Every structure is written in C-alpha cells, then in structure tokens.
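In: Fold the following, please.
(chains A and B)
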Amino acid sequence: MTDLSALPPAHTCADIPVLRERGQREVFCGLTGIVWLHRKLQDAFFLVVGSRTCAHLIQSAAGVMIFAEPRFGTAILTDRDLAGMADANEELDRICVTLLERRPDIRALFLVGSCPSEVIKLDLAKAAERLNSRLLPRVRVVNYSGSGIETTFTQGEDNALKAMVPLLPATDQKQLLVVGCLADVVEDQFRRCFEALGIGPVHFFPPRRAAELPPVGRNTLVLPAQPFNGETVRTLIARGATVLPAPYPFGVEGTTAWLTAAATEWDVTPDRFHAVTAPMIERARTALARHRGHLAGKRLFMLPDSQLEIPLARFLHREMGMDPVEIGTPYLDRQMVAAELPLLPAGATLSEGQHLERQLDRVRAAAPDLVVCGLGLANPLEAEGIATKWSIELVFTPIHGYDQAGDLAEIFARPSDRRARLRV
Amino acid sequence: MQLTLWTYEGPPHVGAMRIATSMRDVHYVLHAPQGDTYADLLFTMIERRDQRPPVTYTTFQARDLGGDTAGLVTRTVAEAFERHQPKALLVGESCTAELIQDQPGALALGMNLPVPVIPLDLPAYTKKENWGAAETFYQLTRALLSDRVPAPGTAREQRPAGRRPRANLLGPTVLGFRCRDDVVEITRLLEQLGIDVHVVAPLGAVPEDIRRLPEADFNIDLYPEIAHTTAAWLQRNFGMPCSTTVPMGLGATRDFIAEVARLAGVDPAPVLGRERPGVARLDGSQSRMQWYARSVDSTYLTGKRVFIFGDATHAIAAARIATEEMGFTVVGLGTYSREFARDLRAAAQRYGVEPLIADDYLEVEQAIAAATPELVLGTQMERHIAKRLGIACAVISVPIHVQDVPARYSPVYGFEGANVLFDTWVHPLVMGLEEHLLQMFRGDFEFGDDAPASHLSHAGKSMQSQTPAPTVEPATSDPDAPPWTPDGEKELRKIPFFVRGKARRNTESYARERGLREITVETLYDAKAHFGR
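Out: Residues are numbered from 1 along each chain as shown, chains lettered A, B, ... in the order given. Below you'll find the model as predicted:
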C-alpha cells in the first residue's frame, strides 16, 4: 500500500524484558485528566469529591490556561464530613443541585472519586444513582475514580470513558468507533480522511457533547487513538465490539498503519488509499525532515508519565532516528501496545512503574541527549545539564495524525534547537 | 463539604514543603499517594527552582492499604535518610494518609535516627497552606531549640558594649511574595542603622542556624503569616522582642526604622534624619516614590478606585500605600487569611470599607464586580477576575504565577520596594492625558471599549485571545428600572468601561426613585450631577 521501505526494519521485541520498579512515583494522579476532558465535553461538569489537595492539584496542573470559566470544581471534604456530623451524602446532593442551578447549560455531571473519598468509602455510585433519580432526564450523573491510589495521570480518562460505556445506545450497524480524547482539529481531520476513504459511519468517543453519545454493538470496530484507554476498550468489547489492533497514529508510519487497520475492514482499494493518503504523507515527511537534524542519533530517556511513552519512542526511533535508552511507562498494558512493542528497538530498556531516585541515577549514568519527564523534574534536570521535554505538553497539544506529525517532532526538537541558539 | 473552583491556598503539607524547600540540609518525608508529587512543580516551575524540593513521598497505592503501609513509611524514611543525609528530618502526611492513621511521625521517631526528627501533625481537613508553613517553622524551631530554652524567669543577657546589635529576619520562604529581594532590601536598611542580620530563616537557613536564633538581640517578623507563631514562641521562651511593623510602603518603612532602632537601642537619625515626609523634591526621601507621587504627572492617580485582596500582610500594607502614598480611594479590602481576619477588619474600618474575609473565589469576584474599581491589587486569582471584568490589575500577594517571580531585583519592602510598588501599580493604568483623550474621543474606531493603554496594546490583544468568556459589564441592568432610550443607551456607551456599570446603576436607581418612564440622555446627566464624585 504505502512505501515504508525508508524506515528501519522492525525487530521482534514483543517479548522485550521489562524492568519492574516500585517506589516513589513522580506522576500525576487520574484527576489531572479533567484538565482536558472538561474542555472536550462541552456540556459536562467534573466535580471532584476530595480534599484541598485535589483542588490544588488540578489548579496547579492546569496552570492559567483554562482559568476562564472552569467546568470543574472540588467538593472539599471537611472535618465535619469525616466526623459524621454532616451527612456527606446530603452535603454532596446539596452541592450538586446548587452547582447545576448555577450552570443550567450542564447536561452531564461527573462525580469524580479521589484518594480521600475512596479511603472513607464514600459511595459515589450510589450518589450518582440517587441524583439521577432526581435530575434525569435534564442532567445525567456519572461517577468514576481519578484517585491516586488507583489511577495514574491518563488513566483518569480511561475511567471516565469506561463509566460512560454502559450509557452508549446499542446498534448493530457496521461502524467505526475511534476511542480516546483527541483535539477537535485532529478529530475533524480524521473525519475528512475516513470520509475520503469511504469508511463510515465513524464515531468518536468521547464525543464533544456528553448528551450525544455514540452507539456501540456487535458490528462496531474500535480503533483506539490513545494507548491509555485499555479498560474502556475492554468494556466496549464486552458490549460486542471488536478491536482493530494497530500502532497509534503518531508520525507517518503510525498514522498510515492506523488508517490501514480501518481501511482493511472496509475493503478500501490500495489505489484509493494511496490517492487519499499520499498528499498528506508527502506533507508530513516534509515537515518531519525539518526536525530530523535535531533528533537523529540523539539518545532518548523517557520517564513514566503520560502512558504515551511506548508509541512515541517508536515514532522518535523509527522516523526521527532517535536512540531510546530507557522507555518508562507507569504500567504496561500489553493488549493496548501489542502492535507497538515489536517496533521498539532491541537494546532499549522498557521499565514499568517507578522508583524515582534509582531512575534518576540511571538518567545520570546514561547522560541522554533528551529526557521526557514531568514538570516537577524538568528544571532540576536542566540544571544538571540534561535537556528535557515536559510530557504534559503531549496531552495538551494536537499531536495525532499526518498533519500534526511535524508539530510532534518539533516538540522534541525544540530543546535542542533552543540550546543551539543560546549563547548565555 | 465546600464547593471550590479555585483555591487561594494549598493544603497544609504544601506549607510544610515551603519550609523544607526554603532551608538547606532539611528533608521532608511525606506519607502520600501517587499524585501528591504535583506539588514539586510549584517550586520547580512557578519559582523556577533548579533543584527538586527535598521531599520524598511514600507513594502508597490502593493495594497497600490492607497491608503494611507503616512498613512503607519506615522503609521510605530509611532510604531518604541514607540518600540525602539531612541534618534534620521532617515527617508528615498528606490528607489521605491522615485518614489511614499510620502515625508516620511516631514511626520515624522510633527509628532512632542520628538527627533530629520532627513529626508534623497538620490537619488537612481544617487547615491550609500558610498555617501549615507557620506550624512547621514553629515545630522545627521548637524541636531544634528544645535543649536551649532557659528556665522561666531567667534574665536575658544584655548586649555587650561594643557589639553591634543583631536581628533575625523571620518568615521569608520560597513561593512567598518577593521574599528573596525583600531580604536583601531589609538587610541593606539594617546595615544603614548599624544592625547586623544574624540569621535569616527559613529562607537559606540550615538547622544549625535555627539553633543560633536566640543569640540575636531581637527578631524581625517580616511575614506574620509564616513567622508569627515562631516569633511569639521565641518571645515567650527566650524573652526575644519582636518587631510588629511590616516595612511595605514608604510610611511603613519609616515606622519600621523607628521600631527596629528602638528594639536595637540605636539612633534612627542617620536614616530617618534624611527622610522629609511631605517635601516635594527628589531628595525628600531615599525612595524616589515620594517625588514621583507628588509630581504633577501623578495627579491623574487621584481618587482612582482600588480594590485590594490578598494575604493579610500584603493587603493591609497595600491599603495604607494606596490611601496615603498614591492618593487612591480604597473601595474594597479583603483577605483569605482567616487567621489574621481581626487585623484586616481593623484596617478596613480605618479606610471606611466593608472587610471581605473569604476564600471563595466567586465571592471575591462578585465583590470586585460590585465595587467597580479602576484597579485591582490582588493575587493571581484576582488577575484573572480583573482580566475577565476588563479592569487593570497588579499582583501584590501569593498565590502567584511564574511572571510574579521576576528575574530582576524587585523587592516590595523598604525604600526600593516603595519604588517598585509605585511602578507596578501605575503601569497597568491608562496614563495622564491619554486617559482624557480616550474619554473625549470614545467614538474613535481605534479606541473602542477594549482599548487598553497604548503601552499595553500588545498585552491587551493577547488578553482578548486568551479569554474565551466574553467580557461582561460589571453591573447588569436592573429589571425594575425604566427602559433606556436608544440615545440614552448610546450615551452610556461613551462612558469608560470600568465605571459604566456604576453609571448605569446610579442612573437607573435615580430614574426609578423619581418614577421616570424612560431613561434619556438628560436623565443620565441629571443622575451624574446628583451623585457627583
């Protein structure tokens, strides 16, 4: 179909050894997903039931980017709730009702569990049920956990989507369901691309409005767009859907393989596939070439953070010529990266979990050219002379698909570009 | 349960992190789940710290809960001690760990480490960041000085003749407001008076410095939110006097000089003698601010309506500066520091405004909208409120963002601090004659409602693109008021944006009280004459 001969051959690394680590983690909890989910779902409000720490976390992770009109908040537990002086359930109902009165535009309310709400065993499922009997059909209440004792960073999105799966209407129609939060601009590009290929109907999950849920059923083909939505995908399978295994749509190779997975199911002819994708591939290659000079031959160390590490390491290695030293991932969901693992280079260490201090020792010993890490570690590593890239940028920036491939490469090339410019 | 959209303060353990990160050779082991490490980025990103905060997290998970979380604590303490070799160890817990009651402090004490171990008990469900910082500083000081507390009634040694007086500077921390530069400025000021700075703490101090605190003659409490508890304890147990004036603003700086000179037993004249309050000359003060405030260009500042909100220390000081040194009119004064509510209430009474004691961002936003100020002095939260309301704003207090930690020297205390504040508060305002031109030629297509000061035009544009919510008028129309005629409405649009809400409200209440059927251009000007300014 497409000429991939320019790319290095794939090693078979599906059985790549994994270094399992346990200790301090420097990773956000699942609450952080609210920062992008509340922007994606324009009619939803996310209410964390937790502590001041939870509120402070989301605010700090979000910075000022979205200060304007937050569609999220925290119901902060106080000692009265803990001491049982106030009935926490009544309090929660009161807050939800007040909130919805103030925001009549809200159609879906997500009650998000946190570490403290789980430790005190506040039953948010019951709360959602209770509120639904009161608020439906105007507002649908859904609950999920974003707690740090159970979820890491992007797992929050997985839990949020999984909580919506039982609400999806049923269909027996053959259709494509793209799973994972994508930037609106990327979604529109993919929609045009599928249409040009004659693939359809196509639905995206999550949708832009929580009140417009896509259907699912036994003729639904699921194409995951993000590697961290494993539980959601498995729940969709339980509803009869079939998963199309593919690498993720990062870079030319990933995007082509990802689209191919769908095209095969819709019997798209090679000619048509080529006609549709060739101009985009050409554009993307031109964009990538601009950044290869900053990246080729450079050694890459990825700390476990967004769960995007494996597909991105594949892209950076195979298309940008980078040499991954260690690829960290908060947890290894083999089913979700089955098509990615064989594309990783032999010799790279794959690590799961984290013991921060030991990992930083390995970073120092490896002296890589670029470390991908969280915000808390970036400046301290820079001060040790190590170039860094914040992984949070990868979930806040459109990076999927052909037309973002150049932007994705640029994110990793920028630190080197900057270092080359500065004379101070 | 309390609904919160944005919070002014973090949880108390973040306050403890500020103390640990301010100091050297202190490590903090925090019993906390994954996710709580987010707090590291406050230090490394907002303040651009080039080292990780000296904090080790236990990172317990759900699967640990049925098992041995206590063992996780002792393992983590042992590893952290081995690796970081601190001279003092703080041990505490975050909100979730508080619920599982592992008592990490007691566990660590039981390990018999060869350094002082200070257990921190910071109730996460009742207290907040500043309290946590104050309590941590106090517990640390108490623990490190426990063997040095003199017997009650012991007379304090007099300063030997010939030794210069010494003062400790208490309270500066990382993630405080301009602490780094305030310390430099106040140290310079004390040098002019012949007073030595003995210890600065917590910022830059090592545990041994804390043990030297009682060797100073007195303490200077620069940031009461952080240091008041510690300073009061040192006063009770070591008989160390403590200053009470916060040297922010020109008048307060002069008062501060008089106070510390008295505490130190030195003559303030070498410094105060050069200060000539009320003299409209460049040499009237060490601070240029005095002449700048009196220069004719500043007359346009007269009576500008200013709303002030922040921590109590900076808010109260700002109200005095605004009133006495800038010639503004304070139209609102508030704080989120409930611990200092009494001080703020007293200040509000002095300036004739209702005190606002609140940590609810929405309540503050409403109060600002209702007060229709021309300038907001606040935290980064108020910066966003002001942006949304289209009002000028300067940040005077934590919480802050990265742009509030400037590379240049920019204290807000002392003589230079007065200069910095003058510049910072004047900068966002539309200046002098430009203001007149904007008002005279409201209809100019290049002006419009959103026209910022010409020197801010770039900021104005990016502000528009960053703010998805449309700018709303501070006060909306009263449904009971008579309708506006098209001409009346058009005339109202010619009134500057930041006072238009007030003009609308006044005119509508004027019209309603007189039972008018409609509001015309004439009604607008009748009301203007009636209310006056």
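In: what sits opposite the residue of the stretch 1-150 of chain A found nearest chain B in the beta ladder?
Out: Residue nearest to chain B within the stretch 1-150 of chain A (CB to the nearest CB): residue A:29, separated by 2.7 Å. Using the backbone N, CA and C atoms, a C-beta is placed for each residue, glycine as well. Bridge pairing for residue A:29 (DSSP bridges) gives the partners residue A:152.
In: That one against residue A:156, yeah?
Out: Yes - using CB atoms under 8 Å, residue A:29 makes contact with residue A:156 at a distance of 7.3 Å.
In: Between the two, which contacts overlap?
Out: residue A:146 (CB atoms under 8 Å, 6 or more residues apart in numbering or on different chains).
In: ok, back up a step: residues in contact with the residue of the stretch 1-150 of chain A closest to chain B?
Out: Here residue A:29 is in contact with A:57, A:115, A:146-148, A:151-153, A:156, B:33-36, B:38 (CB under 8 Å, 6+ apart).
In: Give me the neighbour count for residue 264.
Out: Answering for chain A, as no chain was given. 13 (other CB atoms under 10 Å in any protein chain shown).
In: that answer is for a different chain, and I need it for chain B
Out: Count around residue B:264 with other CB under 10 Å applied: 24.
In: Read off the pLDDT value for residue 15.
Out: Assuming you mean chain A. Listed pLDDT for residue A:15 reads 68.
In: wait, chain B
Out: 98.
In: Verify the contact between it and residue B:124 for me.
Out: No - using CB under 8 Å, residue B:15 makes no contact with residue B:124, being 10.8 Å away.
In: Those two: who's more crowded?
Out: Remark: of residue B:15 and residue B:124, residue B:15 carries more neighbours, 28 against 24, as counted by other CB under 10 Å.
In: can you pull out the strands in the stretch 301-450 of chain B?
Out: Assigned by DSSP state E, counting those that start in this stretch, the stretch 301-450 of chain B shows strands spanning B:305-310, B:329-335, B:355-357, B:375-378, B:392-395.
In: The fourth one pairs with which strands, parallel or anti?
Out: When sheet partners are counted by DSSP bridges, strand B:375-378 sits next to strand B:305-310 (parallel), strand B:392-395 (parallel).
In: what's the most buried one of those strands?
Out: strand B:305-310 (a mean of 28; mean count of other CB atoms under 10 Å in any protein chain shown).
In: Distance check, the residue of the stretch 1-150 of chain A closest to chain B against residue A:36.
Out: 15 Å (CB to CB, to the nearest Å).
In: picking that back up, how much space between the residue of the stretch 1-150 of chain A closest to chain B and residue A:54?
Out: Distance, residue A:29 to residue A:54, using CB to CB: 8 Å.
In: Quick one: residues contacting residue 394.
Out: Because you didn't say which chain, this covers chain A. Remark: with contacts taken as CB under 8 Å, 6+ apart, residue A:394 is in contact with A:306, A:308, A:312, A:411.
In: meant chain B actually
Out: B:375-377, B:424-425, B:427-428 are the contacts of residue B:394 under CB under 8 Å, 6+ apart.
In: go again using 10 Å as the cut-off
Out: B:306, B:318, B:375-378, B:382-383, B:386, B:404, B:421, B:423-429 (CB atoms under 10 Å, 6 or more residues apart in numbering or on different chains).
In: Who is it paired with across the strands?
Out: What pairs with residue B:394, by the bridge criterion (DSSP bridges), is residue B:377.
In: Give me the distance between the residue of the stretch 201-350 of chain B found nearest chain A and residue B:404.
Out: Closest approach between the stretch 201-350 of chain B and chain A, counting by CB to the nearest CB: residue B:336, at 12.4 Å. Separation of residue B:336 from residue B:404 (CB to CB) stands at 16 Å.
In: now residue B:504
Out: Distance from residue B:504 to residue B:404, by CB to CB: 34 Å.
In: So these two - more neighbours on which side?
Out: More crowded of residue B:504 and residue B:404, by other CB under 10 Å: residue B:504, with 25 against 20.
In: Hmm, residue B:519 and that one touching each other?
Out: Yes - using CB atoms under 10 Å, residue B:504 makes contact with residue B:519 at a distance of 9.2 Å.
In: Mind listing the shared neighbours of those two?
Out: B:481, B:484, B:489, B:492, B:527.
In: Just the buried ones from the residues you listed, in PyMOL syntax?
Out: A single PyMOL command selects the buried members of the shared contacts of residue B:504 and residue B:519 (16 or more other CB atoms under 10 Å in any protein chain shown):
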select buried, chain B and resi 481+484+489+492+527
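In: Do a quick rundown of the helices in the stretch 151-300 of chain B.
Out: Secondary structure of the stretch 151-300 of chain B (DSSP state H, counting those that start in this stretch): helices located at B:179-193, B:207-211, B:224-238, B:250-264, B:269-272, B:289-294.
In: one step back: looking at the shared contacts of residue B:504 and residue B:519, spot the one nearest chain A.
Out: residue B:481 (24.6 Å).
In: Let me know the distance separating the residue nearest to the closest one when sequence neighbours are not counted from residue B:369.
Out: Closest residue in space to residue B:481, ignoring its immediate chain neighbours: residue B:508 at 3.6 Å, by CB to CB, 6 or more residues apart in numbering or on different chains. Distance of residue B:508 to residue B:369, given as CB to CB: 16 Å.
In: Name the spans of the chain whose pLDDT lies under the cut-off.
Out: No chain was given, so I picked chain A. Residues of chain A meeting the criterion pLDDT under 70: A:1-15, A:63-69.
In: look at chain B instead
Out: Counting by pLDDT under 70, chain B contains low-confidence residues at B:430-477, B:497-498, B:533.
In: Please name the residues that touch the residue most central in space within it.
Out: With distances taken as CA atoms, centre = their mean, residue B:397 lies nearest the centre of chain B, 2.3 Å away. With contact set as CB under 10 Å, 6+ apart, residue B:397 has these partners: B:8, B:176-178, B:225, B:308-315, B:317-318, B:335-337, B:377-382, B:404, B:412.
In: Equivalent analysis for residue B:128, please.
Out: Counted by CB under 10 Å, 6+ apart, residue B:128 has contacts A:52, A:56, B:7-12, B:14-15, B:122, B:336-339, B:359.
In: And the nearest residue to residue A:40 once chain neighbours are set aside, how far from chain B?
Out: Leaving aside its sequence neighbours, residue A:40 sits nearest to residue A:181 (CB to CB, 6+ apart; 5.2 Å). According to CB to the nearest CB, to the nearest Å, residue A:181 and chain B sit 19 Å apart.
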